[in-house]
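**Student:** how would this look folded up:
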Amino acid sequence: MHRARSVFLWAIVAIFEIVLITLPVSLQAQLIAGISVVTLMGVIKILNAQGTWRLVSLALGTGIVLRYVYWRTTETLPPIDQIQDFVPGMLLYLAEMYNVLMLALSLFIVAMPLPPRPSRKDAVEDFPDVDVFIPSYNEDAKLLANTLAAAKAMDYPPEKLHVWLLDDGGTVQKRSAADVASAEAARERHHELAELCRALGANYLTRERNEHAKAGNLNNGLTHSTGDLVAVFDADHAPARDFLRETVAYFGEDPKLFLVQTPHFFINPDPLERNLQTFDTMPSENEMFYGIIQRGLDKWNAAFFCGSAAVLSRRALEETGGFSGLSITEDCETALALHSAGWNSVYVDKPLIAGLQPATFASFIGQRSRWAQGMMQILRFRFPLFKGGLSVPQRLCYMSSTLFWLFPFTRATFLFAPLFYLLFDLQIFIASGGDFLAYTLSYLIVNLMMQNYLYGSFRWPWVSELYEYVQTVHLLPAVVSVMLNPRKPTFKVTAKDESIAVSRLSEISRPFFVIFAALVIATGFAVYRIYTEPYKADITLVVAGWNVLNLILAGCALGVVAERGEKAGSRRVKLQRRCEVVIDDHPYAASIEDVSVGGAQVHIYSKQIRGLGKGKEALLRFQPHGMDTKETLPIIVRRVETSGDLTTIGCQYQPAGPLDHRWIADLIFANSRQWSQFQESRRRNPGIVKGSLIFLSVALYQTSRGLVYFLRGRGSNKVAGEGRAR
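**Tutor:** Numbers count the residues shown, from 1 in each chain. Predicted coordinates for the structure are as follows:
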């Protein structure tokens, strides 16, 4: 009876909504309605009302969006007999409808996401055997040593913890290659990593041939191990001590659980954050996914495997044939197969690993191209909407995750659509200036407010648009390629632990300057047309404003591809930890102020230290987490500063052997609380107005910086050319 009443109520509300959406009203009434909704949503946001009021605000915004869709569909499309206007007009219309569809899916997923789950650290009663898989291909031994050491140091019974390095860089196929140099490099790698694993107490495993990329490597690990659970970490993803304590307990509570996924936290900025210098002040791009979207997916039992920082059930994997390898995104594909087989997933919203992001813009684009192509393969081969075994919410969640990667088409359409009118006078959007004000402007403002309501402190205004734009330029051909030939893409490993020694333009930056120049020219055309065609000034002003917005995004992107050189080889993480610095057998009381994977900054509480100087060898003595004794790590001094009774040194680790990497891993990776604290320090919502002003100021500065790099590069090339001529 209650269910029938609820269905009846929803039907009445839906009919009422449809009537309101399709009701013919004057422009003045539409404008008043838009202003009223924006005002009500603003009041609810200012009051920080949650629960039902949050849904009320989103429902009000949805009404304006649907009203816009109805108007856009019935009154603005060019006549079909004017083919030169109709074709680009329909492309723009379809791009807008795609955005509305993605907004609808977002509302379904994250309107009321699950709150972060409470800690399960003390809930483990029965400790199952856990195999830790660290797949590797071409990573440096020092990077792998830190990850292996951190995995071995996890707070878990040692007899139940089995760490495996799955090395695809030292396979028999590679060691027997016809290219002698490549074969020798593979043999040396094989020997070096086998010795590293022996010293650290880990298992080294390789295979005959490099088949099915990462999925094949993981499946090879499954055939050689027997643990009840499998934890997977990328080669550059080092776990905190409490990783297994926070994840394993869930498997004892649900026998049908196949996955516990945790966020990917990164200790270095991505290329956008580094070049725009926002890493310390603004939430990272991936925090919207890991901080909100995955919690929304978790509500519908649709949180999926992200390739690392996760624990999976061996029984579940064996039931479905192991890790899936049809696509190049084996993680999401594996989760889709297991969800459709009736298994469940859990998402734990706590950073329990620290990893490295691509440092160069080219590597960043390479990584995103793989993600985009892999998701398109899943859409093509697995089509989640009709995948058997999934619930309706799961189907919608997976469709949202795959359809998202079609954004290059819509972003490219929005970028070039104003040019159709400004340069070629094509009428692709039939509306007056008043129509734009009453319908389009209210829709855009409401859309911004809804996005801010959903993702506020996790994603600032216009940041998503920037990320999508800088990816679109190179992802569009990649997505088109996989659509034409879905089996063509192959798995490519993302470069790890890169660095940029000198400031330079990215090697793939040229298209961004071409697009920027085209938008500048279009802006000039807009000014010309406003003066020469005053009778169409209202429409021209609207389109010119749209073009200027694109120009601001394109200008900011010039700063993204203007790569900043970094003096430090790796990112430093702030902390305070008591220690001693031993110099010439004399211990000095000190505290560690910040650390990186390469070195640390230490405050020594003494102003007169005999023999201390650059190049001085010393020992860093501290108590590792979970131990009662102190351990020492060899260091070499690289910088010395004295202020009063305090001496500050910058030091570089000098590990004498593999075992010293245990202490390096303990310094930087053991404590997961520091990651949470760092994330929280960046999570604040500036609001739409302030956030837009912040973005505008950043964009203006980055435009000038990008142009300076461009002119400097041209000057350098000219000088180099003249030198070669002489």
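**Student:** so A194 versus L205, what's the distance?
**Tutor:** The gap separating A194 from L205 is 10 Å, by CB to CB, to the nearest Å. (C-beta placed from N, C-alpha, C; glycine too.)
**Student:** from R705, how far off is the residue nearest to P489 when sequence neighbours are not counted?
**Tutor:** Take P489 and drop its neighbours on the chain: the residue closest to it by CB to CB, 6 or more residues apart in numbering is Q373, 4.3 Å away. Distance of Q373 to R705, given as CB to CB: 32 Å.
**Student:** so for those two, which residue has more residues nearby?
**Tutor:** Set side by side, Q373 and R705 show more neighbours around Q373, with 26 against 19, by other CB atoms under 10 Å.
**Student:** tell me which residues touch the more buried one, please.
**Tutor:** Going by CB atoms under 8 Å, 6 or more residues apart in numbering, Q373 touches I328, A478, V479, S481, V482, P489.
**Student:** quick check: the fifth one vs F414, distance?
**Tutor:** Remark: distance between V482 and F414 (CB to CB) = 22 Å.
**Student:** same thing with the second one?
**Tutor:** For A478, the distance to F414 under the criterion CB to CB works out to 19 Å.
**Student:** give me the contacts around whatever helix or strand V637 lives in.
**Tutor:** Counting by DSSP states H and E, the element that carries V637 is strand 631-643. Under the contact criterion CB under 8 Å, 6+ apart, strand 631-643 has outside partners 582, 599-600, 607, 612-624, 647-656, 660, 662-664, 667.
**Student:** buried ones among these?
**Tutor:** The neighbour count (16 or more other CB atoms under 10 Å) marks 582, 599-600, 612, 616, 618-622, 624, 647, 649-651, 653, 655, 660, 662-664, 667 as buried among these.
**Student:** quick one, what contacts F243?
**Tutor:** By CB under 8 Å, 6+ apart, the contact set of F243 is M154, A231, T262, A309, L352, I353, S672.
**Student:** three-state assignment of the first one?
**Tutor:** Secondary structure for M154, judged by DSSP: H, G, I helix; E, B strand; the rest coil, is coil.
**Student:** neighbours around it, how many?
**Tutor:** Residues near M154, counting by other CB under 10 Å, number 22.
**Student:** compare V482 and F414 (neighbour count), which wins?
**Tutor:** V482 (24 against 21).
**Student:** list the buried residues in whichever strand or helix holds the more buried one.
**Tutor:** Using DSSP H and E, V482 maps to helix 463-484. Neighbour-count burial for helix 463-484 flags 463, 465-476, 478-479, 482 (criterion: 16+ other CB under 10 Å).
**Student:** closest one of those residues to L437?
**Tutor:** Closest approach between the buried residues of helix 463-484 and L437, by CB to CB: E465, at 21.8 Å.
**Student:** which residues of the stretch 401-550 of the chain fall in strands?
**Tutor:** Remark: strands assigned in the stretch 401-550 of the chain by DSSP state E, counting those that start in this stretch are 504-505.
**Student:** about what we covered before: which of the helices or strands spans the residue nearest to P489?
**Tutor:** helix 361-381.
**Student:** buried residues in that helix?
**Tutor:** The neighbour-count criterion (16+ other CB under 10 Å) identifies 361-379 as the buried residues of helix 361-381.
**Student:** hang on, the earlier thing: would you list the contacts of Q373 in a markdown table and tack on distance to S401 and pLDDT?
**Tutor:** Listed next are the contacts of Q373 as a markdown table, based on distance: CB to CB, whole Å; pLDDT from 0 to 100:
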| residue | distance to S401 | pLDDT |
| --- | --- | --- |
| I328 | 15 | 89 |
| A478 | 18 | 94 |
| V479 | 15 | 95 |
| S481 | 20 | 93 |
| V482 | 16 | 93 |
| P489 | 18 | 73 |
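**Student:** what mean pLDDT does stretch 547-561 get?
**Tutor:** Average pLDDT, stretch 547-561: 97.
**Student:** burial of the residue nearest to R245 when sequence neighbours are not counted, as a residue count?
**Tutor:** Among residues not flanking R245 along the chain, K121 sits closest, at 4.5 Å (CB to CB, 6+ apart). Neighbourhood size, K121 [other CB under 10 Å]: 14.
**Student:** pLDDT wise, what is K121 at?
**Tutor:** Per-residue pLDDT puts K121 at 84.
**Student:** how about the one 3 residues further on?
**Tutor:** At V124 the predicted local distance difference test score is 78.
**Student:** thanks a lot, catch you later.
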